[in-house]
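Generate a structure from the sequence data that follows.
(one chain, ligands or ions: 1)
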Amino acid sequence: MALQEFLQELDQLVTEAKSSFSDAADMDALEASRIEFLGAKNGRLKSAQKMMGGIDKPDKPEAGKTFNATKQAIEAAFEEASERLASGGGGDVDSTFDASLPGSAFRIGRLHPITQTIEELKDIMGRLGFSVADGPEIEDIRHNFEALNIPNEHPARDPLDNFYLATAGLGDDVLPQWLMRSQTSTVQIRVMETTPPPVRIISLGRVYRPDTADATHYPMFHQMEGLWIDENVTMSDLKTVLRLFATSYLGGDVSIRFRPSFFPFTEPSVEADYYWNDQWIEFGGAGMVDPNVLKEVGYDPEEVTGFAFGLGVERLCMRRHGVTDIREFYKNDVRFLEQF
Ligand code: FA5
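From the prediction side, this is the model:
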């Protein structure tokens with residue numbers, strides 16, 4: 001075989017081997033290329049080596065030298081390709097890709113501050129022995145008014161103060177029977193109707209009133225109702241429970257004060273205030289459950305007594321976190337919400 005022809009053959013072999021190795025997209029493809037070019041038995045380099053036998057004797061040194069250089073070039077190309085694949089670089093992968101860079105973070109949602117507050121209040125009251133009861137947001141007038149000792153002519157039933165449902169077309173003389181509940185005191189009745197005493201529950205949920213939204217009012221807000229009925233439950237138990245609750249939620253020793261008030265379903269009734277950050281702040285309404293209410297649900301007022309309270313959840317959360325406008329909770333502005 002002529003030297004020139006042999007040298008051309010080797011040159012062609014290097015070109016093809018390099019391109020085959022660098023095209024290999026994974027280790028399996030590279031191994032197939034390695035066998036084709038560098039295979040010990042039938043590899044193309046091996047075949048080229050065999051061709052050297054046919055080279056004229058004087059040309060043999062040059063043929064041998066070029067063969068060795070060819071072998072080294074092909075082996076080096078193979079090493080380079082196998083390092084590239086081992087470090088994660090596939091055939092088409094951008095060589096500027098840096099697998100060690102931090103990825104783009106997902107935006108993770110969080111619970112609404114009022115939901116977080118509700119969970120915390122349940123937790124605190126749970127430690128004081130109160131279990132959680134639930135009731136519907138669409139209520140009948142018996143549970144929202146009648147059983148709570150709020151008679152038909154009472155101003156609290158005024159259509160201007162309540163969201164009544166399905167009144168249209170019923171006629172002036174037909175009283176609406178359903179409304180969006182205006183207080184969580186409805187759940188007191190539902191629990192006592194179905195559970196014999198003793199009862200020690202809280203109920204947290206939405207209530208609805210046609211109040212104009214301002215910094216401290218919203219037409220939909222949340223209340224926490226508390227009810228404890230047993231033998232010999234007194235006002236001082238009420239004060240203790242509210243003080244322990246406030247101390248736990250706000251931190252530090254919180255003082256409580258009662259101001260005389262009126263609710264049709266409690267007697268006596270009070271507005272409860274707590275002292276915090278050098279100020280007396282309104283907490284919510286409370287009182288001893290009126291005997292008429294106990295009778296209405298089939299309890300004997302001679303045997304059991306109890307207290308009830310109803311607190312505004314948003315107002316509590318606002319105090320604790322220094323929120324000055326209740327409307328912030330319901331604007332859905334992520335910049336506000338993500339602070340909690
Ligand atoms: C009641 O709703 C009584 N059911 C509370 C009660 C329960 C008394 C058991 C006795 C026994 P009142 O209407 O005051 O009471 O509301 C209680 C609390 O809800 C208020 O102190 C206030 O914190 C909150 N609140 C009332 N209206 C709004 C409103 N529009 N927006 C936000 N919070 C409100």
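
Smallest gap between the stretch 151-300 of the chain and the ligand, at which residue?
Gly285 (3.0 Å; CB to the nearest ligand atom). No exception for glycine: its C-beta is placed from N, CA and C like everyone else's.

Tell me, how many residues neighbour that residue?
Applying other CB atoms under 10 Å, we find 22 residues neighbouring Gly285.

host element of it?
strand 279-289 (DSSP states H and E).

Show me what that strand is packed against.
The helices and strands touching strand 279-289, judged by 3 or more CB pairs under 8 Å, 6 or more residues apart in numbering; DSSP states H and E, are strand 220-230, helix 235-250, strand 255-263, strand 266-276, strand 305-312, helix 313-321.

What angle do strand 255-263 and the fourth one make with each other?
What separates the directions of strand 266-276 and strand 255-263 is an angle of 150 degrees, with axes from the mean of the first three to the mean of the last three CA atoms, to 10 degrees.

so strand 266-276 versus helix 235-250, what angle?
Interaxial angle of strand 266-276 relative to helix 235-250 (the same axes, to 10 degrees): 30 degrees.

what sits up against strand 266-276?
Residues from elsewhere that reach strand 266-276, judged by CB atoms under 8 Å, 6 or more residues apart in numbering: 235, 242-243, 246, 250, 252, 254-263, 280-291, 307-309, 319.

Pull it out as CSV, backbone CA atoms only.
Presented in CSV, the C-alpha positions along strand 266-276 are these (Å, rounded to 0.1, in the frame of the first residue of the first chain):
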residue,chain,number,x,y,z
THR,A,266,-77.4,37.7,79.0
GLU,A,267,-78.3,39.0,82.4
PRO,A,268,-76.3,40.8,83.7
SER,A,269,-74.5,41.9,80.6
VAL,A,270,-71.2,43.6,80.3
GLU,A,271,-68.8,45.1,77.8
ALA,A,272,-65.4,43.6,78.6
ASP,A,273,-62.3,45.8,78.2
TYR,A,274,-58.6,44.9,78.6
TYR,A,275,-55.7,47.1,79.6
TRP,A,276,-52.9,46.9,77.1
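
Report the angle between that strand and strand 305-312.
Going by the same axes, to 10 degrees, strand 266-276 makes 50 degrees with strand 305-312.

So for strand 266-276, what gets flagged as buried?
Buried residues in strand 266-276, counted by 16 or more other CB atoms under 10 Å: 266, 269-274, 276.

One more: the second one?
By 16+ other CB under 10 Å, the buried positions in helix 235-250 come out as 237-239, 241-250.

Just put these in a markdown table and tack on pLDDT and distance to Asp161.
Converted to a markdown table, these look like this (pLDDT from 0 to 100; distance: CB to CB, whole Å):
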| residue | pLDDT | distance to Asp161 |
| --- | --- | --- |
| Asp237 | 97 | 31 |
| Leu238 | 97 | 26 |
| Lys239 | 95 | 29 |
| Val241 | 96 | 29 |
| Leu242 | 95 | 26 |
| Arg243 | 93 | 31 |
| Leu244 | 95 | 33 |
| Phe245 | 95 | 28 |
| Ala246 | 93 | 28 |
| Thr247 | 93 | 34 |
| Ser248 | 95 | 33 |
| Tyr249 | 94 | 29 |
| Leu250 | 89 | 30 |
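
Output those residues as a markdown table; include the columns distance to the ligand.
A markdown table is the format used below for these (distance: CB to the nearest ligand atom, whole Å):
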| residue | distance to the ligand |
| --- | --- |
| Asp237 | 14 |
| Leu238 | 10 |
| Lys239 | 14 |
| Val241 | 13 |
| Leu242 | 12 |
| Arg243 | 17 |
| Leu244 | 18 |
| Phe245 | 14 |
| Ala246 | 13 |
| Thr247 | 18 |
| Ser248 | 18 |
| Tyr249 | 14 |
| Leu250 | 15 |
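
what does the protein have sitting close to the ligand?
Within the chain, the positions near the ligand by CB under 6 Å from any ligand atom are 183, 185, 209, 211, 217-218, 221, 223, 225, 263, 266, 282, 284-287, 308-312, 314-315, 326.

Buried ones among the residues you listed?
Buried among those by 16+ other CB under 10 Å: 183, 185, 209, 218, 221, 223, 225, 263, 266, 284-287, 308-312, 314-315, 326.

Could you chop the protein up by domain?
As assigned by automatic domain parsing, the chain contains the domains 3-86, 113-337.

Show me which of those domains has the highest average neighbour count.
For these, average neighbour numbers computed from mean count of other CB atoms under 10 Å are highest in domain 113-337, which has a mean of 17.

Let's see the distance spanning that one from one end to the other.
In domain 113-337, first residue to last residue: 7 Å (CA to CA, to the nearest Å).

Do I have it right that Ala40 meets Lys46?
Yes: with contact defined as CB atoms under 8 Å, Ala40 reaches Lys46; the gap is 6.7 Å.

From the opening residue of stretch 39-49 to its closing one, how far?
12 Å.

residues making contact with it?
6, 9-10, 13, 17, 35-38, 67, 70-71, 74.

In CSV, list those along with pLDDT, secondary structure and distance to Asp123.
Shown next, in CSV, are the contacts of stretch 39-49 (pLDDT from 0 to 100; DSSP: H, G, I helix; E, B strand; the rest coil; distance: CB to CB, whole Å):
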residue, pLDDT, secondary structure, distance to Asp123
Phe6, 91, helix, 87
Glu9, 91, helix, 83
Leu10, 93, helix, 81
Leu13, 94, helix, 77
Ala17, 95, helix, 71
Ile35, 95, helix, 68
Glu36, 95, helix, 70
Phe37, 94, helix, 71
Leu38, 95, helix, 70
Phe67, 91, helix, 82
Thr70, 94, helix, 78
Lys71, 93, helix, 76
Ile74, 95, helix, 71
